[in-house]
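below is the structure, and that's it, no one-letter string:
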């Protein structure tokens, strides 16, 4: 009977400290990433095309279709200047890391609470 109780206590303490270590490690990694000391893991990677655009001689559109194509090209160029692809990639990586950190913290708290329950019994 005493062996069973001491085994429960050992497992309880081990579970409690394992959960605390998981939570502490996750919080430390979150701190390091969100202070900019380290980049978040690359889950999403958007390839950025590095093309040199030479100043093109824009011709005067002669038809409605030419005008629409020229307008569409100008809109695409302006949208790329407003929201760079690197910003989208970084945002998605930070969001995915935040979700992973939340899952790890939740899991660590469940492991610790299991250890506390074993210690109480």
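Right, received. Where do you want to start? Note that the structure is predicted; figures quoted are calculated from it, not measured.

going forward, measure contacts and count neighbours with C-alpha atoms only.
OK.

quick one: neighbours of residue 70, just the number.
Counted by other CA atoms under 10 Å, the residues lying close to residue 70 total 15.

how about residue 83?
Neighbour count for residue 83, taken as other CA under 10 Å: 10.

and the gap between it and residue 89?
11 Å (CA to CA, to the nearest Å).

residue 30 now?
The value you get for residue 30 to residue 89, if CA to CA is used, is 18 Å.

please, where are all the helices along the chain?
In the chain, the segments counted as helices under DSSP state H are 2-34, 64-82, 85-120.

and the pLDDT at residue 77?
The score at residue 77 is 79. That number is its pLDDT.

one step back: any idea which of the helices of the chain gets closest to residue 46?
Nearest to residue 46, of all the helices of the chain, is helix 85-120, at 6.0 Å by CA to CA.

which strands or helices does that closest one pack on?
On a contact count with 3 or more CA pairs under 8 Å, 6 or more residues apart in numbering; DSSP states H and E, helix 85-120 meets helix 2-34.

buried ones in the helix it packs on?
For helix 2-34, the neighbour count (16 or more other CA atoms under 10 Å) marks 8-9, 11-13, 15-20, 22-23, 26-27, 29-30, 33 as buried.

kind regards, and thank you for your time.
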